[in-house]
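Enquirer: need coordinates for the below:
(2 chains)
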Amino acid sequence: DAGVTQSPTHLIKTRGQQVTLRCSPKSGHDTVSWYQQALGQGPQFIFQYYEEEERQRGNFPDRFSGHQFPNYSSELNVNALLLGDSALYLCASSFRPSGRRSTGANVLTFGAGSRLTVL
Amino acid sequence: DQQVKQNSPSLSVQEGRISILNCDYTNSMFDYFLWYKKYPAEGPTFLISISSIKDKNEDGRFTVFLNKSAKHLSLHIVPSQPGDSAVYFCAARRGLQTGANNLFFGTGTRLTVIP
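Expert: Now for the predicted structure:
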């Protein structure tokens, strides 16, 4: 059973460029979240997609945008790259239980990440 | 604003001894707490969690303790094994009544278990 897969694993861009990162969720999962992990920091929530819509968003500028496709896979796009965007970008998937309340831990399954370096 | 804090960046423990990793939080709206473990070149993997209505949860060698009044939780690993060497992240989730279920992570503690 494949877990969460992300591509590319590494990439280098220059300031001002745009980047697209891709994520395939774990089989059976329908919700995709993206996190940014800067060096020496913990993962920070960017946004979450469910039913092809952005459902929640963290404190990130509009340069960060995303998309979810009917097969639940997702893309993260970052425009006008800054040096400070250099980080490990983690995709996490989960299953959204029916109804408003979760029955337990919000256990996210993470991919290995895409390491972005902005020069 | 770091709402989840892990003040010890690293910890070294002898094999067979107890490892205690600590985590503090500031947001009283957090209702669920999780620990993730991360090996190099891999994504974080879920280890253990605890609801705010409990003060202890145990799973094999791993036990998480929650002190709500102190806004503090800890992860105990007994006995520690070399394969436990990894970075451990504490994470918290706000109550679902807030409409959000994203996780807030600490900065991590690197555990090294010495054979």
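
Enquirer: which strand or helix spans the most centrally placed residue in chain A?
Expert: For chain A, the residue nearest the mean C-alpha position is A:W34 (2.3 Å; CA atoms, centre = their mean). Element membership for A:W34 (DSSP states H and E) is strand A:31-37.

Enquirer: one step back: quick one, phi psi at the residue nearest to the residue nearest to the centre of chain A when sequence neighbours are not counted?
Expert: Spatial nearest neighbour of A:W34, chain neighbours left out: A:I46 (4.3 Å); criterion: CB to CB, 6 or more residues apart in numbering or on different chains. Quick note: C-beta positions are derived from backbone N, CA and C, even for glycine. Torsion angles at A:I46 (phi, psi; degrees, to the nearest 10) stand at phi -100, psi -60.

Enquirer: cool, B:P82 as well?
Expert: Taking degrees, to the nearest 10 as the convention, B:P82 sits at phi -50, psi -30.

Enquirer: isn't it up against B:V113?
Expert: Yes. Taking CB atoms under 8 Å as the definition, B:P82 is a contact partner of B:V113 at 5.0 Å.

Enquirer: the lowest-mean-pLDDT helix or strand in chain A close to chain B?
Expert: Ranking every helix and strand in chain A by mean pLDDT, DSSP states H and E puts strand A:53-57 at the bottom, with a mean of 91. Yes. Among the residues of strand A:53-57, A:Q56 lie within reach of chain B under CB under 8 Å from any CB of the partner chain.

Enquirer: got the contact list for that strand?
Expert: A:T31, A:F45, A:I46, A:F47, A:Q48, A:Y49, A:G66, A:Q68, B:G99, B:A100, B:N101, B:N102 (CB atoms under 8 Å, 6 or more residues apart in numbering or on different chains).
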